[in-house]
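Novice: Task: produce atomic coordinates for the following.
(chains A and B)
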Amino acid sequence: MAQKQSVYWNPLLETLPREKLQALQLKKFRRIMEWAYKNSPFYRALYKSAGIKPGDIKTMKDVAKVPTLDKGMLRDVQTRPPFPYGDILSVPLEKVTEFRQTSGTTGTPVYQADTWQDWEWWAECWSYILYAQGYRKTDRVFIPFGYNIFVAFWAGHYGAEKLGCEVVPGGVLDTEARILKMQELKCSAFMATPTYVLGMADTARRMGIDPAKDLFIKRITCAGEPGASIPTTKKRIEDAWGAKVYDHIGATEIGAWSYECLAQSGGLHVNEAFFLVEIQDIETGELIEEPGRNGKMIITALDREAKPCIRFDSKDVIRWADYTCDCGRTFRLIDRGVVGRADDITKVKGVLLAPTAIEEVVRSFSELSDEYEVVVTKKGDIDDILLKIEIRQGSEGKKEDILNRLKDQLRVKTNLGYKMEVHPFGSLPRYDVKAKRFKDLRKKEG
Amino acid sequence: MDLKIITAMGAKIEELQKMAEEIIKLGKGIQAVERNGVRLLASIKMLELNVCDVREVL
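Specialist: Residues are numbered from 1 along each chain as shown, chains lettered A, B, ... in the order given. Coordinates of the predicted model:
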């Protein structure tokens, strides 16, 4: 007799009672630390200088004694042999089958080595994500991605294959060709950055195609930017495509660690069977266990072979959710995904500002286009913040009313006053992958 | 799920791993065996992460 299909990719792990899940994490943390200590000269030296050995990790509290890793260290190690990864590498170079690199948004790119086992692991992590978001073997999934040196949706492709989906690689096609191919093949799902998903909808409309009516997309997985967890941006995408939008967070040097599920509680589950997430107070480094309090994420990929990622200080700002999810998973939730980056949250006019707060307000105005830009400058000792926007065609007559309401809502949300600049529709930069809408020019000027 | 079934699956996965390693050893020098063996082991590893690891904390 056929058994009923589970709503989980792996119910054994996804519904494991919390205390057992923590026991599993501790066991796996010790295992990956032992692996790195034994096989990576970099990690061995790091731990020896801190006077700690894998055997010292007996409880979860001991984990906090293990030194953290940051992007600067990952860049430095690359200057040492073996080329191009450095002695953080934990396998012989000939076992490496995959090269990827970070986008370099915050500096020199970090090179990532993966073995074939690591690549299977990437696909496995994505299988958790996609299955939780309702992807099944009946889906035809379009991947509008450049298939290049960035890991981005490569692993999404392999994860979808693993689920049994039919995967259509959108590769080097331009946006118009991608839309036409999605229409021709009646694709039911796709994955891209929120910026590109909105850009595709704009392009489709210019082609006379209404994505919500003329295409067949039921679900979209967003990654690479926080947009899909910002309610106003998510709504814009859902309205444009007539589809459900799900967020996912991952990083080249970490892995695909978090996902929104079908229940859409407002938070994202951490895949705690494969990753250990700790949240630290940005100022004091104190471990934050209570929900609702922002801190920076320290994350460990518990099963990565070639280049282990142990207690990596990602600079992502997250908080535990103070609500639960109806889906039945025991994996904890982070509230609204990544709410900022420790190095992006900046003081303007003495007020702490997270760029995502501006996005939330701008995207709540249906009269504004999807694009905007924020430029922070300094004149003498005074910070100046300029918001560039585009008003949609047909709403230009309401310009003054729109600007007044926008200023009011931004003041309420961010406690700051803004100068406004209205640009012709379609004139602000459009981005295919990650957008750079927040420009802090104060350091350059100083 | 019944612990007995998880234990049984875990035992079979361990057998698979041993068998894959033996095949690689027997086929040493034959690239088609060695490289496919590596891929097989990577897939078996995913079964270990999904099943064997859980078995040990139940």
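Novice: outside of the lengthiest strand in chain A, which residues touch it?
Specialist: If you go by DSSP state E, chain A has its longest strand at strand A:368-379. Where contact means Cβ atoms under 8 Å, 6 or more residues apart in numbering or on different chains, the residues beyond strand A:368-379 that reach it are A:195, A:198-199, A:202, A:236, A:346, A:348, A:355, A:358-359, A:362-363, A:383-392, A:402, A:406, A:425-426, A:428-430, A:437-442, A:445-446. Where C-beta positions appear, they are placed from N, C-alpha and C, glycine not excepted.
Novice: how about a cut-off of 6 Å?
Specialist: A:198, A:348, A:358, A:362, A:384-390, A:392, A:425, A:428, A:437-442, A:445 (Cβ atoms under 6 Å, 6 or more residues apart in numbering or on different chains).
Novice: Give the partner strands of that strand in its sheet and their orientations.
Specialist: strand A:382-391 (antiparallel), strand A:438-440 (parallel) (DSSP bridges).
Novice: Go ahead and flag the most central residue of chain B.
Specialist: In chain B, the C-alpha nearest the mean C-alpha coordinate belongs to B:Gln17, at 3.1 Å (Cα atoms, centre = their mean).
Novice: ok, now which ones touch that residue?
Specialist: B:Ile44.
Novice: Quickly note the distance from it to chain A.
Specialist: Counting by Cβ to the nearest Cβ, to the nearest Å, the gap from B:Gln17 to chain A is 12 Å.
Novice: which of the residues in the longest strand of chain A are buried?
Specialist: A:Leu368, A:Ser369, A:Asp370, A:Glu371, A:Tyr372, A:Glu373, A:Val374, A:Val375, A:Val376, A:Thr377, A:Lys378 (16 or more other Cβ atoms under 10 Å in any protein chain shown).
Novice: same question, stretch A:225-245
Specialist: Buried-residue list, stretch A:225-245, by 16+ other Cβ under 10 Å: A:225-230, A:233-234, A:236-237, A:240-241, A:243-245.
Novice: Name the member of the buried residues of strand A:368-379 with the shortest distance to B:Glu34.
Specialist: A:Asp370 (50.9 Å; Cβ to Cβ).
Novice: The closest one and A:Gly426: what is the separation?
Specialist: Using Cβ to Cβ, to the nearest Å, we find A:Asp370 at a distance of 11 Å from A:Gly426.
Novice: One more: A:Ile382?
Specialist: 33 Å.
Novice: Same drill for those two, tell me which one is more crowded.
Specialist: A:Gly426 (12 against 8; other Cβ atoms under 10 Å in any protein chain shown).
Novice: Enumerate every residue touching A:Cys125.
Specialist: A:Gly255, A:Ala256, A:Phe274.
Novice: for the record, mean pLDDT for stretch A:357-369?
Specialist: Over the span of stretch A:357-369, the pLDDT mean works out to 89.
Novice: ditto for stretch A:246-253
Specialist: Averaged over stretch A:246-253, pLDDT sits at 95.
Novice: Equivalent analysis for stretch A:401-415, please.
Specialist: pLDDT averaged over stretch A:401-415 gives 90.
Novice: next one: the helix or strand hosting A:Asp76 to chain centre, how far?
Specialist: Element membership of A:Asp76 [criterion: DSSP states H and E] is helix A:71-77. Its chain's C-alpha centre and that of helix A:71-77 lie 21 Å apart, by Cα atoms, centre = their mean, to the nearest Å.
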